[in-house]
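A.B. asks: Fold the following, please.
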Amino acid sequence: MIHNNKAGAARTTLFTLGLLGCCASVQATENGAPTTAVGVYDFGAGMMPPATPFGTVGLRTAFYSANVQKDRNGRSIDNHFSLDVLSIGVAYMRMTDHTVLGANYGFGVVVPFFKMDASVKVPTPVGPLSLEADPFRMADMQFLPVILQWNLSPNLFINTQLQIQAPTGDYDKNRLISPGLNHWTFSPIVNATYLSDSGFEVSSSFEVDVNTRNPATDYKNGVEYRHEFAVGQHVGPWTLGLGGYYYRQFSDDDAPGLQSGNRARVLAVGPAVSYFKPGLPPVWLHAYKETDARNRAEGYTVALRISQSF
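C.D. replies: The predicted model follows:
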């Protein structure tokens with residue numbers, strides 16, 4: 001949405017970030033930021049860790065970089081925009097032998113941290129105004145009180161999750177960037193993996209984000225949707241192929257002074273690889289380039305995940 005802000009040139013440029021997302025005050029959603037992280041799931045999305053006595057610990061680190069923002073028509077905005085985000089997320093997940101609806105029950109939590117470096121130039125009546133910020137702070141925690149895992153056959157695996165993102169991250173509406181978003185988000189998730197007898201894999205993750213209102217700005221994001229995917233071939237302990245994500249805002253935002261009609265979207269595709277050998281921690285790596293962006297930044301991301309069950 002386009003935000004008609006009358007608080008001065010600096011206030012019109014305030015924006016907030018989600019993990020791997022970025023924005024500006026002329027963008028869709030609140031200043032253009034996807035609410036939850038994108039590019040999390042690739043190979044094995046439908047497979048949760050096994051039930052173990054002490055659970056599974058995971059580490060995900062990702063780097064996102066963008067030097068251009070796109071308007072509603074996909075044209076670059078001339079504002080000397082630059083953004084680099086290093087994210088580090090620590091996750092704990094506990095799958096159990098308890099069954100619900102024929103599925104194994106589990107739960108989890110994710111604690112993320114963002115190191116961000118952003119700059120943008122804003123036109124003013126007295127000339128361009130350069131704004132910069134580089135915080136390193138805790139972002140919004142994600143709680144997963146319900147994870148249900150179905151192993152339907154040796155070839156098909158499906159899980160569903162309820163993710164609740166809480167406003168625990170550092171937030172300042174008067175700062176150029178903030179790791180926290182200052183509102184709650186409720187996200188139902190469905191993940192699936194199909195693995196053929198010849199080792200060909202297709203994995204997908206579907207997520208919908210339903211947001212509450214930000215009390216500091218009276219802004220409420222519309223409903224957001226993402227589809228993450230990976231297609232590849234298993235070769236020994238390796239899986240090699242392509243992955244990516246498609247993000248789109250489904251409904252309009254709601255806030256005082258908003259003009260309707262702008263919704264963010266972006267597509268990202270790139271190489272993906274994973275390594276899994278019994279007795280060793282599994283590893284996932286991908287590098288995605290974004291394209292076809294509307295009302296948000298367009299860049300690239302590289303992400304590495306590793307986990308260990310105890």
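A.B. asks: For the stretch 1-150 of the chain, which segments are assigned as strands?
C.D. replies: Shown for the stretch 1-150 of the chain, the strands assigned by DSSP state E, counting those that start in this stretch span residues 2-3, 56-70, 82-100, 103-122, 129-133, 136-138, 142-151.
A.B. asks: Ok, which of the ones you listed comes nearest Trp238?
C.D. replies: Comparing these against Trp238 with CB to CB, the closest turns out to be strand 56-70 (19.6 Å). C-beta here means a position set from N, CA and C on the backbone, and glycine is covered the same way.
A.B. asks: hang on, the earlier thing: please render the strands of the stretch 1-150 of the chain as TSV that adds distance to Leu176, mean neighbour count and mean pLDDT to the earlier fields.
C.D. replies: TSV is the format used below for those (distance: least, CB to CB, whole Å; neighbours: other CB atoms under 10 Å; pLDDT from 0 to 100):
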stretch	distance to Leu176	mean neighbour count	mean pLDDT
strand 2-3	15	19	40
strand 56-70	14	19	93
strand 82-100	10	17	95
strand 103-122	6	19	90
strand 129-133	4	14	73
strand 136-138	13	14	92
strand 142-151	24	18	98
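A.B. asks: and of those, who's closest to Ala230?
C.D. replies: That would be, of the strands of the stretch 1-150 of the chain and by CB to CB, strand 56-70, which comes in at 15.3 Å.
A.B. asks: The closest one versus strand 82-100: what angle between them?
C.D. replies: With axes from the mean of the first three to the mean of the last three CA atoms, to 10 degrees defining the directions, strand 56-70 sits at 140 degrees from strand 82-100.
A.B. asks: Which other helices and strands does strand 56-70 contact?
C.D. replies: strand 82-100, strand 283-294, strand 296-309 (3 or more CB pairs under 8 Å, 6 or more residues apart in numbering; DSSP states H and E).
A.B. asks: could I get the ones you listed as a markdown table with distance to Arg213?
C.D. replies: Shown next, in a markdown table, are the helices and strands packed on strand 56-70 (distance: least, CB to CB, whole Å):
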| stretch | distance to Arg213 |
| --- | --- |
| strand 82-100 | 25 |
| strand 283-294 | 24 |
| strand 296-309 | 21 |
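A.B. asks: Of all those, which one is nearest Lys220?
C.D. replies: Among the helices and strands packed on strand 56-70, strand 296-309 sits nearest to Lys220 (CB to CB), with 17.8 Å.
A.B. asks: can I get the strands of the stretch 1-150 of the chain in TSV with distance to Ala297?
C.D. replies: TSV is the format used below for the strands of the stretch 1-150 of the chain (distance: least, CB to CB, whole Å):
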stretch	distance to Ala297
strand 2-3	16
strand 56-70	4
strand 82-100	6
strand 103-122	10
strand 129-133	15
strand 136-138	20
strand 142-151	22
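A.B. asks: Let me know which of the ones you listed is the nearest to Asp252.
C.D. replies: strand 2-3 (11.4 Å).
A.B. asks: distance between the helix or strand where Val266 lies and the chain's centre?
C.D. replies: Using DSSP states H and E, Val266 maps to strand 265-275. Here strand 265-275 is found 13 Å from its chain centre; the criterion is CA atoms, centre = their mean, to the nearest Å.
A.B. asks: Kindly report the same for stretch 117-130.
C.D. replies: The answer for stretch 117-130 is 28 Å, by CA atoms, centre = their mean.
A.B. asks: same question, stretch 289-305
C.D. replies: Worked out by CA atoms, centre = their mean, stretch 289-305 lies 11 Å from the chain centre.
A.B. asks: And stretch 70-82, by the same measure?
C.D. replies: Per CA atoms, centre = their mean, the centroid offset for stretch 70-82 relative to its chain is 21 Å.
A.B. asks: Ramachandran coordinates for Gly39?
C.D. replies: Per-residue torsions, Gly39: phi 80, psi 30 (degrees, to the nearest 10).
A.B. asks: Quick check: closest non-adjacent residue to Thr212.
C.D. replies: Trp184 (4.4 Å; CB to CB, 6 or more residues apart in numbering).
A.B. asks: what's the closest of the helices and strands packed on strand 56-70 to Gly232?
C.D. replies: The nearest among the helices and strands packed on strand 56-70, by CB to CB, is strand 283-294 at 10.5 Å.
A.B. asks: Given that closest one, what are its sheet partners and their directions?
C.D. replies: Here strand 283-294 has these sheet partners by DSSP bridges: strand 265-275 (antiparallel), strand 296-309 (antiparallel).
A.B. asks: Can you give me the buried ones in the first one?
C.D. replies: Applying a neighbour-count criterion of 16 or more other CB atoms under 10 Å, one finds Arg265, Val266, Leu267, Ala268, Val269, Gly270, Ala272, Val273, Ser274, Tyr275 buried in strand 265-275.
A.B. asks: Which single one of those is nearest to Leu129?
C.D. replies: Nearest to Leu129 among those: Val266, at 27.1 Å, using CB to CB.
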